[in-house]
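Colleague: need the 3D shape of this:
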Amino acid sequence: MPWRGRFRILARRDLRRVFGATVVSNLGSGIVSVAFAFAVLDLTHSATDLGIVLACRTVAQVSGLLLGGVVADRTSRRRVMMGADLTRLAGQALIGILLVRHQATLVELAASQVILGAAGAFFQPAAAGLLPAVAGDQLQEANALRGIASAASSVIGPLLGALVVVAVGPAWGLLADSLSYGLSALWLRRLTRGVGDAPMPAEGRQTMLSDLRGGFREVTSRTWVWSLILAFAVGNALGGTWDLFGPLATRHWYGGAPTFALLSVLWSAGSLLGGIALLRFKPRRPLLVGTLLCAPFVVPSLMVALRLPVLVIAPFELLAGIGPIAFNTLWWTALQQNVSPEVISRVISYDFAGSYLFIPLGMALAGPLISAIGLAPAMLAYNLAGFVVMMSVLAVRDVRGLRAQPAGADIVSA
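Modeller: As a prediction, the model looks like this:
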């Protein structure tokens, strides 16, 4: 299929604007993924400190996600996203200025991550609920496009992040990230009036606690939803710690930021390929296929732990990037096809909360474990256990058997 045909979904004006917001925001995130880790390591030289600071962001995000889902279902999702962007702009700009002036402390770095995480807790459920409103009956294509935007930005972002760290220091990476949030808010402001407004009629609203319980009932009524969220909770705590292990391992064994950035770019390039494939590839059993495609996820981390040459690791890093974007695209599409728009942000908030729930614990325990048994054994233990947990969901019949809905089909009831 010609490239123009693959991306014909961008003919939708509001989707183009959401796409633009995603690109600039993820470009900044790609820069800061390198810059922030090395800012902490330059300040304290401590793996435990880095783990704790990164855990602060996740704790704040998990703590606010369920509230964020309720708010997104009750009010304008576009405005929630813009407010979150402007909050993150202020937080990142402030800590970047403190770092430039050499006045930042570890407590202030941790506080900046709390702000970032709390704002993200409102942004993510709102974004998941907004996408069907701008995608129409092309949900999988829109979810794939969202992943492509993230991956394409992440290819450039880590490279820029490494250049910034080497050339002028990590503080400037945080300032660039703050600018990206401002640009994202401007893109979202240009959406057509009314798009992303509250899908829940005012007369049908109950208390926020009742709304929260309603979202929980939607989750527990579907075996494939709650079983995957449970697997995410444990699997991500074990296998989702690359932000901690990656900078440490590349710093010790592979020369630091440039190698970490290279591996991040290869991962993102694999994600880009996976996202492009999902513009056309529509498996009949999306969750089964998505889970199987995640099998190579841990291979590059295991190879890094074994200190194999970068040239050997590189093709596996590219391959490993395909699975997560494929799974996320198929998973989000399944949720949006099977859950009512009036409650989708709340269901997504339970998904995100479960996915992030134990990551702070995984991060916090990784530092002491590294001190006790060494970096390489800790990486091997975490990643192998994470692989076992994620593949275990294939034992659930509803995960294996869920079928994709045809375009334009009505929402399937639980």
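
Colleague: buried ones in the helix or strand hosting T329?
Modeller: Assigned by DSSP states H and E, T329 belongs to helix 322-338. Neighbour-count burial for helix 322-338, counted by 16 or more other CB atoms under 10 Å, picks out 322-338. No exception for glycine: its C-beta is placed from N, CA and C like everyone else's.

Colleague: quick check: next helix or strand after that helix?
Modeller: By DSSP H and E, the next helix or strand past helix 322-338 is helix 344-356.

Colleague: outside of that following helix, which residues touch it?
Modeller: When contacts are defined by CB atoms under 8 Å, 6 or more residues apart in numbering, helix 344-356 is touched by residues 58, 61-62, 65-66, 68-70, 72-73, 77, 121, 124-126, 128-129, 132, 211-212, 214-216, 218-219, 225, 229-230, 232-233, 236, 332, 335-336, 339.

Colleague: switch the cut-off to 7 Å
Modeller: 58, 61-62, 65-66, 68-70, 72-73, 124-126, 128-129, 211-212, 214-216, 218-219, 229-230, 232-233, 236, 335-336, 339 (CB atoms under 7 Å, 6 or more residues apart in numbering).

Colleague: still on that earlier bit, so what touches the helix holding T329?
Modeller: Against helix 322-338 from outside (CB under 7 Å, 6+ apart): 128, 132, 139-140, 143-144, 147, 151, 270-271, 273-275, 278, 286-287, 289-291, 293-297, 344, 347-348, 402, 405, 409, 411-412.

Colleague: buried among the contacts of helix 344-356? Need that as a selection in ChimeraX.
Modeller: In ChimeraX syntax, the buried subset of the contacts of helix 344-356 is picked out as below (16+ other CB under 10 Å):
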select :58,61,62,65,66,68,69,70,72,73,124,125,126,128,129,211,212,214,215,218,219,229,230,232,233,236,335,336,339
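
Colleague: packing partners for the strand or helix carrying R17?
Modeller: Here R17 sits within helix 13-44, counting by DSSP H and E. Applying 3 or more CB pairs under 7 Å, 6 or more residues apart in numbering; DSSP states H and E, we find helix 13-44 packed against helix 47-74, helix 106-135, helix 139-167, helix 171-189, helix 242-253, helix 257-277.

Colleague: which elements pack onto the third one?
Modeller: Helix 139-167 sits against helix 13-44, helix 106-135, helix 171-189, helix 257-277, helix 322-338, with contacts defined as 3+ CB pairs under 7 Å, 6+ apart.

Colleague: distance between it and the chain's centre?
Modeller: Centroid separation for helix 139-167 versus its chain: 12 Å, with CA atoms, centre = their mean, to the nearest Å.

Colleague: tell me which residues in it are buried?
Modeller: 139-165.

Colleague: and what of the fourth one?
Modeller: Of all the residues in helix 171-189, those buried under the rule 16+ other CB under 10 Å are 171-185, 187-188.

Colleague: outside of the very next helix or strand once past it, which residues touch it?
Modeller: With elements assigned by DSSP H and E, the helix or strand that comes after helix 171-189 is helix 208-220. With CB under 7 Å, 6+ apart as the test, helix 208-220 has contacts from 66, 69-70, 73-74, 225-226, 229, 339, 343, 346-347, 349-350, 414.

Colleague: and the angle for the helix or strand just after helix 208-220 with helix 344-356?
Modeller: The helix or strand immediately downstream of helix 208-220 is helix 223-239, counting by DSSP H and E. Comparing the axes of helix 223-239 and helix 344-356 via axes from the mean of the first three to the mean of the last three CA atoms, to 10 degrees yields an angle of 40 degrees.

Colleague: all good on my end, thank you.
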